[in-house]
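Participant: sequence and predicted structure below; questions after.
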Amino acid sequence: MTELLPFVADLPLVDHHCHGVVTHDLDRMGFERMLTEADTVSPLGTSLFDSLIGLAVRARCAPVLDLPRHAPADDYLARRAELGAAEVNRRFLRSTGITRFLLDGGFLPEPLTTTGEFAALAGSPAEDIVRLEQVAEDVVRAGTGAEGFAAEFAGELAKRTANAVGVKSIAAYRVGLELSGERPSPGEVTAAAGRWLARVEAGEPVRLADEVLHRFLIWSGIDAGLPVQFHVGYGDSDVDLHRCDPLLLTGLLRATRASGVPILLLHNYPFHRNAAYLAQVFEHVFVDTGLITHNAGFRAPAVLAEVLELVPFGKLLFSTDAFGLAELYHLGAALFRQGLSDFLHGALAAAALSEVDAIRLAALAGHENAARVYGLEGRG
Amino acid sequence: MTELLPFVADLPLVDHHCHGVVTHDLDRMGFERMLTEADTVSPLGTSLFDSLIGLAVRARCAPVLDLPRHAPADDYLARRAELGAAEVNRRFLRSTGITRFLLDGGFLPEPLTTTGEFAALAGSPAEDIVRLEQVAEDVVRAGTGAEGFAAEFAGELAKRTANAVGVKSIAAYRVGLELSGERPSPGEVTAAAGRWLARVEAGEPVRLADEVLHRFLIWSGIDAGLPVQFHVGYGDSDVDLHRCDPLLLTGLLRATRASGVPILLLHNYPFHRNAAYLAQVFEHVFVDTGLITHNAGFRAPAVLAEVLELVPFGKLLFSTDAFGLAELYHLGAALFRQGLSDFLHGALAAAALSEVDAIRLAALAGHENAARVYGLEGRG
Amino acid sequence: MTELLPFVADLPLVDHHCHGVVTHDLDRMGFERMLTEADTVSPLGTSLFDSLIGLAVRARCAPVLDLPRHAPADDYLARRAELGAAEVNRRFLRSTGITRFLLDGGFLPEPLTTTGEFAALAGSPAEDIVRLEQVAEDVVRAGTGAEGFAAEFAGELAKRTANAVGVKSIAAYRVGLELSGERPSPGEVTAAAGRWLARVEAGEPVRLADEVLHRFLIWSGIDAGLPVQFHVGYGDSDVDLHRCDPLLLTGLLRATRASGVPILLLHNYPFHRNAAYLAQVFEHVFVDTGLITHNAGFRAPAVLAEVLELVPFGKLLFSTDAFGLAELYHLGAALFRQGLSDFLHGALAAAALSEVDAIRLAALAGHENAARVYGLEGRG
């Protein structure tokens, strides 16, 4: 790690994929459970603070709460409680240099800030990304039939995306990413909706997990001209990670490239080199390294460097994928800056690029690509 | 590479996965054949000494035999023969700083030291890990029927594990790791045993390769509360490496997490980042980087750093997976120390952790995790 | 990056896999389309110059055309046009230190130099690698029947390889690398040829994509004792990259090892560690890192270092996989030298090998392995 290049330290960032924060105080167990993708602390495996993300909290977040670097975890949590969640959230969210947030509000295992509350806390504008599966599940919950599902979904999606800047698919979590490249026919959608509704009527929970319907949702986003985000790779233990390699999307990417609608591959770790390849060869594909950036702590720059082997700088976006803990915004932004700065610093030292280029490329990844892809100019 | 941090240089190590050593002298061909995972030297490909492990032998092992660093391979082997296998074994095994060895005695293509012989040579206690498939094959060799197989296996396993600290599955070598998450029913076990016995009666060698039976064996280990090791990833040319990605175990890991019985993913290369993910999200999963540590020589620290992106320090264990050549213990231990030291040195230089933490985390990976997982406290 | 070690800077290189160059001038769009594996420039993604390969052109190629390092892309292309394609080609091809080229002349989406023209431009001998699928497709175009196909293919292959040094399979692009380890029987070949001919008669283009026939072609190369190259991994958007993991070839590699005929795994990224494993455990398998070396620019040394974790130096070859743009030869050679030099420099600094060894190992990878594998001694 080297000292941040000044133009990276000051770089405005657009966080194109993140979530709200919790507004209540957290005890140690509650904090650790939100720290990584583990559901809980392992009695066999010691504390989750003993990982790079935990060390990063103590190294980089403790000073924001007026503690010395490397303060012990218990001291950190005591100070956090003393300040209270509202102050903690404010401090971290305003320390990031993120000038705009695109929030996925669709995952709420517990109450998080709304987009409006979040923007107020952060002191920066926040936009909505609409989770496709949530819209479909709400349509089913509201009551629909197989024949009417497609039209009702389209109507509801139009309503919810009126002010949104993009949509997101979590097919990875439900059926994996081996999605066909074919647009499903109306008959196939009706048949699939019928199967789903039958399961719901039989008492199963309303949870979309059907390859045809996930595909239908994605094509609905494409048809609406809305950038489509995909969860790819790394996630919690619900994911079958071996079904989440972005290369499995190759057929769908071929089928959608003519649309010109941007497709955003989120996270991607440990398949991030595969994602970078896709971003090189498909005109409409973009990538980020959210989630792993804060999880890998001190090693985040190494992961970013691997992505940059193939991805053009015009195709790389910044995101935190922070969820719940305000620390994760702080770490995601700080470690992205560290990675970008280390990379450019190394390239400058090797005379692999000029400083003028370094400044320009940092701006692309930091905010310009996001502004262009999501059409953020002129908003808010 | 940087000079070893003193607390890593002196760190006691528990080698939780290794094998015996050969006790006879070796000519150059014999030595090279045991040096890597290649079965033999390639007439097309020059010497296996011309790889990072071969260079590591000449750089790190030659001085232990009183030769200059980088002594030529022939000089090295001549000196080895001069000292004799017993003295060579003693020197290397006692140079490692390994305080306890967990030996898998189940793979014996040629005679190796027994656990007792090994402990005497090394001057440190050694415990047994029982290879599940070997128990099953011995039960079949001793004569059994389909109906009685499960009970006879259970009895034999109980007998052999009376003093053992864990069991090991080599399903990876036989059927790959795409194992179902379901516990096989008694009827399924009987049916599978019947199919196997029929093949044996038809003259096939007694070699277990049946997805149901490998799973039955694994669940037997779980039920006995014994930590279960899995061969994962890198191995010799018998392995279908594309069937050995640890992510294929996801279903089985979900199914066994409630048991609280530790599962140890061995080796993992080149899927080590995938294994680290599993160790983060599943409470009972642990990983090591055995085998690749000595094979990658000079590059071992780079591999270890990748694993540490996600694995909590409380979930990382040390192993050599040394087999046959005593040099491999020496290299495995020395290169693990180098990797851990380089990593912590870099983190300290970047102020990513404190020295107090570095010392504590090194102790976890070096020996504390193994002691906790295998219940080694109070033994020997 | 460190300064080139003198024995790497001067190392003669054999480029064992490359293509011809275009002889006409190129505008910016034409140049960018040939720069990476992208088919075209993305209106959404800014210029392909904004990637590591584009930066490498400006950093390393601009001075060859008398421009300052980091000259802007438009200045670069203006200067390129001013000099003219012939002069540009001559300058770059003669700046590489490549002493012999093995050209795959089988991919011609647009006219490229022939092998003879190329050798004249480069001022060094060039040999032919014959693309198996092109031979088969030409046999079909010339008119054949299912029964006669195998013999006519064999005859045509013998004719075309009379002066060639090897053959190449692009099964990866057509059916993926999951090829059976079985040699197809004459009956299977006839049946598969019949199916293909029927499709052609029905009006489909003459394009081989049949697992049996690709395998038949490969075995034909093996039987002829000709080294067989495989496209593996990274390529353009036509490839299903998840079907191009070299591990999928494991069965075929087991089946062909007794032949002693060299198999060359080309490119391999992002599966290069998998390829290195295969080169370690199979006596007849060799690898390179062509294509990614110039694409990864500044990061090429990091990729090469990963390959060297397992591959013996006697199994690593140099290639550019340059196609069309003469710059790609220059970059492929310069960045391979950089990677090899950085690796050896680091190993020397860590006392992981001696300088005598470093010089010897560099010669193996640079040209000796290729000379041995392809029997180049005594040619031209």
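Facilitator: That came through, no problem. Numbers count the residues shown, from 1 in each chain, chains lettered A, B, ... in the order given.
Participant: now the strands for the stretch 251-380 of chain A?
Facilitator: Per DSSP state E, counting those that start in this stretch, the stretch 251-380 of chain A has strands spanning A:263-267, A:285-287. These are given in chain order.
Participant: residues in contact with the one helix or strand A:Leu103 maps to?
Facilitator: When secondary structure is defined using DSSP states H and E, the element that contains A:Leu103 is strand A:98-104. When contacts are taken as C-beta atoms under 8 Å, 6 or more residues apart in numbering or on different chains, the neighbours of strand A:98-104 outside the stretch itself are A:12-20, A:115, A:118-119, A:122, A:124-129, A:131, A:165-166, A:168, A:229, A:320, A:329, A:333, A:367, A:370, A:374, A:376, A:380. In short, each C-beta sits where N, CA and C put it, glycine included.
Participant: one more time with 6 Å, if that's ok
Facilitator: Taking C-beta atoms under 6 Å, 6 or more residues apart in numbering or on different chains as the criterion, the residues outside strand A:98-104 that touch it are A:12-16, A:18-19, A:115, A:124-127, A:129, A:131, A:165, A:168, A:333.
Participant: and the buried ones among these, selectable in ChimeraX?
Facilitator: Buried residues within the contacts of strand A:98-104, as defined by 16 or more other C-beta atoms under 10 Å in any protein chain shown, are selected in ChimeraX through the command that follows:
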select /A:13,14,15,16,18,19,115,124,126,127,129,131,165,168,333
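Participant: name the element the closest residue to chain C within the stretch 1-150 of chain A belongs to?
Facilitator: Here the stretch 1-150 of chain A gets closest to chain C at one residue, A:His16, 14.0 Å apart by C-beta to the nearest C-beta. Assessed by DSSP H and E, A:His16 sits inside strand A:13-18.
Participant: tell me the pLDDT of the residue in the stretch 201-350 of chain A that chain C sits nearest to.
Facilitator: Per C-beta to the nearest C-beta, the residue of the stretch 201-350 of chain A with the smallest distance to chain C is A:Gly314, at 3.1 Å. In the prediction, the pLDDT value recorded for A:Gly314 is 97.
Participant: now do A:Gly380
Facilitator: We have a pLDDT of 61 for A:Gly380.
Participant: now do A:Pro111
Facilitator: 84.
Participant: so it: helix, strand or coil?
Facilitator: The local conformation at A:Pro111, judged by DSSP: H, G, I helix; E, B strand; the rest coil, is coil.
Participant: dihedrals phi and psi, it?
Facilitator: Taking degrees, to the nearest 10, you get phi -60, psi 130 for the backbone angles of A:Pro111.
Participant: how far away is A:His70 from A:Thr36?
Facilitator: With the distance defined as C-beta to C-beta, to the nearest Å, A:His70 ends up 19 Å from A:Thr36.
Participant: so those two - more neighbours on which side?
Facilitator: Regarding A:His70 and A:Thr36, a neighbour count based on other C-beta atoms under 10 Å in any protein chain shown identifies A:Thr36 as having more, with 21 against 18.
Participant: ok, now which ones touch that one?
Facilitator: Taking C-beta under 6 Å, 6+ apart as the definition of contact, the neighbours of A:Thr36 are A:48, A:53, B:280.
Participant: burial measure for the second one, as a count.
Facilitator: Same thing as A:Ile53. 27.
Participant: verify the contact between it and A:Thr293 for me.
Facilitator: No. Using C-beta atoms under 6 Å, A:Ile53 is not in contact with A:Thr293, being 10.0 Å away.
Participant: identify the contacts common to the two.
Facilitator: Between them, A:Ile53 and A:Thr293 share no contacting residue under C-beta under 6 Å, 6+ apart.
Participant: about what we covered before: any idea how far the residue of the stretch 1-150 of chain A closest to chain C is from A:Leu266?
Facilitator: Relative to A:Leu266, A:His16 is positioned 9 Å away (C-beta to C-beta).
Participant: before we move on, the earlier item: quick one: closest of the strands of the stretch 251-380 of chain A to chain B.
Facilitator: From these, taking C-beta to the nearest C-beta, the stretch that ends up closest is strand A:263-267, at 11.5 Å.
Participant: quickly check: that closest one near chain C or not.
Facilitator: No. Counting by C-beta under 6 Å from any C-beta of the partner chain, no contacts exist between strand A:263-267 and chain C, the nearest distance being 10.1 Å.
Participant: list the strands paired with that strand, with their directions.
Facilitator: Note on strand A:263-267: by DSSP bridges, its sheet partners are strand A:228-232 (parallel), strand A:285-287 (parallel).
Participant: most tightly surrounded among these?
Facilitator: Across the strands paired with strand A:263-267, the average number of neighbours (mean count of other C-beta atoms under 10 Å in any protein chain shown) peaks for strand A:285-287, which reaches a mean of 28.
Participant: contacting residues around the residue of the stretch 1-150 of chain A found nearest chain B?
Facilitator: Shortest the stretch 1-150 of chain A-to-chain B distance, computed as C-beta to the nearest C-beta: residue-wise this is A:Thr46, at 3.1 Å. With C-beta under 6 Å, 6+ apart as the criterion, the residues that contact A:Thr46 are B:Gly314.
Participant: how does it look with 7 Å?
Facilitator: B:312, B:314, B:364 (C-beta atoms under 7 Å, 6 or more residues apart in numbering or on different chains).
Participant: restricting to those, which residues neighbour chain A?
Facilitator: The subset of those within reach of chain A, counting by C-beta under 7 Å from any C-beta of the partner chain, consists of B:312, B:314, B:364.
Participant: number of nearby residues for the first one?
Facilitator: Read it as B:Pro312. By the other C-beta under 10 Å criterion, the neighbourhood of B:Pro312 contains 28 residues.
Participant: what's the answer for the last one, then?
Facilitator: By the measure other C-beta under 10 Å, the count of residues near B:Leu364 is 21.
Participant: name all residues that make contact with the nearest residue to it once chain neighbours are set aside.
Facilitator: Counting by C-beta to C-beta, 6 or more residues apart in numbering or on different chains, the nearest residue to B:Leu364 once its immediate chain neighbours are dropped is B:Phe313, at 4.8 Å. Listed by C-beta under 7 Å, 6+ apart, the contact partners of B:Phe313 are A:50-51, B:361, B:364-365.
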